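J.: Need the 3D shape of this:
(one chain, ligands or ions: 2)
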Amino acid sequence: MFSTAFLDLPPLAHAAGAVTLPGSKSISNRVLLLAAMSEGTTTIHDLLDSDDTRVMLIALRTLGCAVEQSGAIVKITGLGGKLPNDSAKLFLGNAGTAMRPLTAALAVVGGDFELSGVPRMHERPIGDLVDALRQLGCAIDYLGNEGYPPLKLGAPALQLDAPIKVRGDVSSQFLTALLMALPLVATKDIVIEVVGELISRPYIEITLNLLARFGVQVRRDDWERFTIPAGAKLRSPGDIHVEADASSASYFIALGALSTGANGHNGIKIQGVGADSIQGDIRFMEAAQAMGAKIESGPNWLHIQRGAWPLKAIDLDCNHIPDAAMTLAVMALYADGTTNLRNIASWRVKETDRIAAMATELRKLGATVVEGQDYIQVTPPAGMAGWKAASIHTYDDHRVAMCFSLAAFNPAQVPVRIEDPKCVAKTFPDYFEALFSVATADTRNIPVICVDGPTASGKGTLAAVLAEKLGYHFLDSGSLYRITGLAASRADIALEAANEAAIVALLQSLPIHFEGSHIWLADEDVSDAIRTEEAGMNASKVSAFPAVRAALIDLQRNFRKLPGLVADGRDMGTVIFPEAPLKVYLTASAACRAERRHKQLISKGIPATLDDLRADLEARDARDSSRTVAPLKPAQDALLLDNSDLTVEASVQTVLDWWQSKQPF
Ligand SMILES: O=C(O)C1=C[C@@H](OP(=O)(O)O)[C@@H](O)[C@H](O)C1
Ligand SMILES: C=C(OP(=O)(O)O)C(=O)O
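T.: Ligands and ions are numbered 1, 2, ... in the order given. Prediction:
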């Protein structure tokens, strides 16, 4: 997951390949609650692991439910409707699929419970559900604003005779919550009557489908009357598999529809969900097809390719696909006219006011947007010149972050900044990793920040922090020379010019790989072994051999991958990435560098004297700057930063400011 303040997406060129998507949020949280309340043990396969399921799992554990987790398999020992802990405070984040169904289940079972969430959850309505539960005799108080969480639940005095009326026009989750809770107390037939037009109906179908899997057949009369039969009992089905999330699939369906292939591959294959999914959002496929996508489907897979181009503008009632329809609003940027998405009033009471958010952010990109209480009309930017680079505010809404990433395919090749990318953790923590696994950009568009400088200038530290703050890859090029020196010494090859060819041959066979800040040589983590003073000296020696440097060029350039790279070394800006948009040459006085190195060594318990260290590093500076190939020197267009008197934080901030000053947003 990218936990950076923002994630800059360079203009994306193509996308092709396969993605396996995480489990459905709607299925996961329903199955968790049903499994916890049922009799028997349920083994859940491919459960979604995200913020929304985490709050549900924590809540169930707090209530006394036994949960065993091993990898993607979760085993729940059902409580049979009886709670070991009948007093608890539950924090449910911003998960509607946890807050609404748990409210109903705990209210009918009874106990002393407080249910709260993030501030936005306290602005998301729940009054219609509370009103319905109060008709049943449930004891529910508002702890904050009337009609909204947080809630306090008490012991109910259940009256099951009269039909329960529930409004269906604000959220279908209220009806879902009642349908899942009432089997716990169905000593007689319980009738639920929906008042007002029921929205988001396919989600009710998911609920009915899963209730049936847990042994409860609800009778449905049209979409207005639902009967839980007397004696209904939740019984574990044993094993249950969670399909991949169809709403998450919408971003990759769109990706297939709007991008051309890459690396000899064409189209996007989505694994884990197919056209026969029980999730209503799978019908996003039809909307994407209407816009031009070519889609094939098989058991649990979809394959999407670009068809019509530009996409065709559509006019669509999106009530049945409220979540995936946000993706259509971004696809509309690539359409041949104005797209009209209607009957989406519920967008206003979700993670944010989604109609307002989409309108504001689409306009930043250059689109013309008209919004109404329950619709949005999107007209694409006028020609290439109409597109604007934009920093997309994401309102702590996972779907805003995910769908706006698709704007990076814009024909004007302007970058797109996604603010607070970690908000995708609600349903798809590794969304951007999945995107980068199939999307490609022209190499020249992938940003590189070079940090060059002499030994002990702190360039490794600076570069690593920059990479972390920007979510970029990190190339510690010096480590490649260090590994080469280490491997040659271990192979008893003297580090002399006469052995240059042998060292290159050895280097080409080295199984080097990087994992975060760790560097591996085959099965050995050599991160520490290459950091000794001796390894540094050896690195300096092998790095003076032209053939060694040449052999490492492609390896280093291959680090330039989406979303970007921070590369530290001695010739990053001069030789390896001469066209990098930002080159920093980091220095500090010899005295200062010797002192830093001294502190470092002493703290590790390695004896050293300041004078020796200073002499060594001056010798190393001389060798590095006088070698014939790629000598250490600032690139002509490098910005010089002397950090002798700067903290790491101050150096990082200076470079981040330089970087920001080069951005179009
Ligand atoms: O029941 C569900 O799993 C959901 C129902 C929908 O909400 P509304 O019924 O409020 O539209 C949907 O937007 C939400 O993401 C999940
Ligand atoms: C509306 C959504 O979430 P919730 O389940 O919290 O309602 C969503 O995921 O788009």
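J.: which bits of the stretch 351-500 of the chain sit near ligand 2?
T.: Within reach of ligand 2 by C-beta under 6 Å from any ligand atom, the stretch 351-500 of the chain has these residues: E351, R399, T427. All C-beta atoms are positioned from the backbone trio N, CA, C, and that covers glycine.
J.: any idea which of those residues has the most stuff around it?
T.: R399 (30 neighbours; other C-beta atoms under 10 Å).
J.: That one and E351 touch, don't they?
T.: Yes - assessed by C-beta atoms under 8 Å, R399 is found in contact with E351 at 7.1 Å.
J.: Contact partners for the nearest residue to N343 once chain neighbours are set aside?
T.: Closest residue in space to N343, ignoring its immediate chain neighbours: N319 at 4.2 Å, by C-beta to C-beta, 6 or more residues apart in numbering. By C-beta atoms under 8 Å, 6 or more residues apart in numbering, the residues touching N319 are I199, S200, R201, N343, I344.
J.: Look up the pLDDT of N319 for me, please.
T.: On the pLDDT scale, N319 is placed at 97.
J.: again with A66
T.: As predicted, A66 sits at a pLDDT of 97.
J.: Bridged to it, which residues?
T.: With DSSP bridges as the criterion, A66 is bridged to T77.
J.: count of residues packed around it?
T.: Counted with other C-beta under 10 Å, A66 comes out at 14.
J.: Check the gap between it and ligand 1 for me.
T.: Separation of A66 from ligand 1 (C-beta to the nearest ligand atom, to the nearest Å): 25 Å.
J.: That residue touches P84, doesn't it?
T.: No - A66 is beyond contact range of P84, at 9.5 Å (criterion: C-beta under 8 Å).
J.: pLDDT at N263, what is it?
T.: 69.
J.: Ok, A622 next?
T.: 89.
J.: Specify the local secondary structure of it.
T.: Secondary structure, DSSP: H, G, I helix; E, B strand; the rest coil: A622 is helix.
J.: Spit out the contact partners of it.
T.: With contact set as C-beta under 8 Å, 6+ apart, A622 has no partners.
J.: Can you tell me which of the contacts of N319 are classed as buried?
T.: Taking 16 or more other C-beta atoms under 10 Å as the criterion, what is buried in the contacts of N319 is I199, S200, N343, I344.
J.: For this protein, what lies in contact range of ligand 1?
T.: So the chain meets ligand 1 at 26, 96-97, 171-173, 176, 199-200, 203, 322-323, 346 (C-beta under 6 Å from any ligand atom).
J.: Turn those residues into JSON lines, columns for secondary structure, distance to ligand 2 and pLDDT.
T.: Formatted as JSON lines, these follow (DSSP: H, G, I helix; E, B strand; the rest coil; distance: C-beta to the nearest ligand atom, whole Å; pLDDT from 0 to 100):
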{"residue": "S26", "secondary structure": "helix", "distance to ligand 2": "7", "pLDDT": "98"}
{"residue": "G96", "secondary structure": "helix", "distance to ligand 2": "3", "pLDDT": "98"}
{"residue": "T97", "secondary structure": "helix", "distance to ligand 2": "4", "pLDDT": "98"}
{"residue": "S171", "secondary structure": "coil", "distance to ligand 2": "7", "pLDDT": "97"}
{"residue": "S172", "secondary structure": "coil", "distance to ligand 2": "10", "pLDDT": "98"}
{"residue": "Q173", "secondary structure": "helix", "distance to ligand 2": "6", "pLDDT": "98"}
{"residue": "T176", "secondary structure": "helix", "distance to ligand 2": "10", "pLDDT": "98"}
{"residue": "I199", "secondary structure": "coil", "distance to ligand 2": "12", "pLDDT": "97"}
{"residue": "S200", "secondary structure": "coil", "distance to ligand 2": "9", "pLDDT": "96"}
{"residue": "Y203", "secondary structure": "helix", "distance to ligand 2": "9", "pLDDT": "98"}
{"residue": "P322", "secondary structure": "coil", "distance to ligand 2": "7", "pLDDT": "98"}
{"residue": "D323", "secondary structure": "coil", "distance to ligand 2": "4", "pLDDT": "98"}
{"residue": "S346", "secondary structure": "helix", "distance to ligand 2": "8", "pLDDT": "97"}
